[in-house]
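Novice: All I have is the shape, not the residue letters:
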Ligand code: AHG
Ligand code: MN
Ligand code: MN
């Protein structure tokens with residue numbers, strides 16, 4: 001893949017339209033970039049359009065969550081064992097609905113569903129792609145008006161087109177993703193995505209209902225001044241992780257932790273920093289899901305020049321072979337220089353044992 005060429009082409013389009021004082025919508029941008037895809041038949045373009053539409057609907061509901069009766073818990077646990085809140089289910093439904101009607105997607109695996117959701121072909125189309133998603137990230141923040149997110153990843157299927165999709169289509173390494181992105185429902189709503197050729201961000205302009213290019217060619221700073229971790233679990237972390245935290249704390253680094261991975265990673269993408277969700281004694285792989293959260297965000301952060309590794313083995317997250325749909329994974333992700341600093345702390349202990 002030619003990352004440089006993709007980035008240059010994105011920049012040229014941005015520059016051309018910017019100097020004409022014209023906004024670039026997400027749909028225009030996706031269409032313009034279609035020729036960069038390895039199989040430029042328009043399917044992936046169509047799929048990205050459909051995801052863009054679905055998240056606008058989710059955004060509308062997130063914004064009015066306080067006005068209608070969709071706050072609070074739905075009274076069940078999700079497939080990963082966490083308490084499900086109503087808005088999570090709504091977001092899941094809207095994404096499924098949009099992908100079912102799209103015709104470009106043959107199946108979905110979601111944090112909110114125990115099993116994969118195969119999609120029958122629409123209008124005789126033989127869809128090539130499957131989608132993995134965390135429909136609503138940061139659900140503990142729903143009823144306190146703090147930023148939420150949606151995370152998605154797209155794989156090319158391994159099974160034969162025309163057949164039902166299978167688990168193997170979803171259990172692919174993050175490095176096999178053909179596109180990944182997230183939506184941040186914050187003070188404004190942003191969609192950030194990559195197709196393996198740079199990372200671009202779009203802000204939703206509510207007056208026209210369009211995502212407009214606002215952050216072309218995002219590059220994550222090599223270092224940042226902040227680290228992000230749930231330090232409340234400190235006593236349960238491995239000694240190596242504790243020493244790393246102590247080091248940053250002694251260096252007077254600032255701690256920022258929102259509790260929505262999308263929001264924490266987004267801040268790091270723009271400002272630099274490191275986000276950690278390591279394992280603890282009781283949860284050796286931590287809480288975050290490899291397929292729905294860590295792989296798409298790691299792929300995107302890598303595309304922006306950052307790094308993501310397993311919090312214990314230091315294996316590159318996107319090289320891990322998934323074995324289960326709802327697999328959890330310990331993670332350190334963010335600025336390259338800081339993730340490498342974390343690696344040195346973990347290796348030091350290993351060497352002295
Ligand atoms: P989700 O709402 O999709 O279950 O994800 C919540 C995740 C993630 O967004 C966040 O970083 C983490 O949970 C926070 O967990 P802790 O409360 O254990 O820190
Ligand atoms: Mn999540
Ligand atoms: Mn979720």
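Specialist: The structure has been received and is ready for your questions. Just so it is clear, the model here is predicted, and its values are computed rather than measured. Numbering: from 1, shown residues only. Ligands and ions are numbered 1, 2, ... in the order given.

Novice: tell me, how many neighbours does the residue in the stretch 1-150 of the chain that ligand 1 sits nearest to end up with?
Specialist: When scored by Cβ to the nearest ligand atom, the stretch 1-150 of the chain has residue 139 as its residue closest to ligand 1, at 3.6 Å. The way it works is simple: take the backbone N, C-alpha and C, and place the C-beta from them, glycine included. By the criterion of other Cβ atoms under 10 Å, residue 139 has 24 neighbours.

Novice: Quick check on the residue lying closest to residue 59 once chain neighbours are set aside: phi, psi?
Specialist: Closest residue to residue 59 apart from its sequence neighbours, by Cβ to Cβ, 6 or more residues apart in numbering: residue 189 at 4.9 Å. Phi and psi for residue 189, reported as degrees, to the nearest 10, are phi -100, psi 130.

Novice: OK, contacts around residue 189?
Specialist: Counting by Cβ atoms under 8 Å, 6 or more residues apart in numbering, residue 189 makes contact with 59, 183, 203-204.

Novice: so how far is ligand 3 from it?
Specialist: Distance of residue 189 to ligand 3, given as Cβ to the ion, to the nearest Å: 17 Å.

Novice: That residue bridge partners, please.
Specialist: Residue 189 has the following beta-bridge partners by DSSP bridges: residue 185.

Novice: And the one 5 residues further on, by the same measure?
Specialist: Beta bridges link residue 194 to residue 180, residue 199, judged by DSSP bridges.

Novice: count of neighbours near it?
Specialist: 23.

Novice: quick one: terminal-to-terminal distance for stretch 242-256?
Specialist: 17 Å (Cα to Cα, to the nearest Å).

Novice: Could you tell me which residues of this structure lie near ligand 3?
Specialist: Residues of the chain lying near ligand 3 by Cβ under 5 Å from the ion: 111, 134, 136-137.

Novice: Relative to ligand 2, which of those residues is nearest.
Specialist: Nearest to ligand 2, judged by Cβ to the ion, of the residues of the chain next to ligand 3 is residue 137 at 3.4 Å.

Novice: That closest one contacts residue 293, correct?
Specialist: Yes - using Cβ atoms under 8 Å, residue 137 is in contact with residue 293, at 6.8 Å.

Novice: what residues are shared contacts of these two?
Specialist: 151, 261.

Novice: if I pick residue 109, what's in contact with it?
Specialist: Here residue 109 is in contact with 116-117, 130-133, 170, 291-292, 325 (Cβ under 8 Å, 6+ apart).

Novice: taking these one by one, which sit in helices?
Specialist: Those of the contacts of residue 109 mapping onto helices are residue 170, per DSSP state H.

Novice: I'd like to know which of the contacts of residue 109 is nearest to residue 156.
Specialist: Using Cβ to Cβ, residue 130 is the member of the contacts of residue 109 that lies nearest residue 156, at 8.1 Å.

Novice: what bridges to that closest one?
Specialist: In beta-bridge terms (that is, DSSP bridges), residue 130 pairs with residue 107, residue 155.

Novice: One more: residue 205?
Specialist: Note on residue 205: beta-bridge partners by DSSP bridges are residue 210.

Novice: Need the pLDDT of it.
Specialist: On pLDDT, residue 205 comes in at 96.

Novice: which stretches of this structure have low pLDDT?
Specialist: Counting by pLDDT under 70, the chain has low-confidence residues at 1-7, 10-21, 37-41, 65-78, 80-85, 349-353.

Novice: All the helices of it, in order from the start?
Specialist: Taking DSSP H, the helices of the chain run over residues 3-19, 26-33, 43-63, 86-102, 167-170, 239-250, 261-271, 295-303, 336-352.
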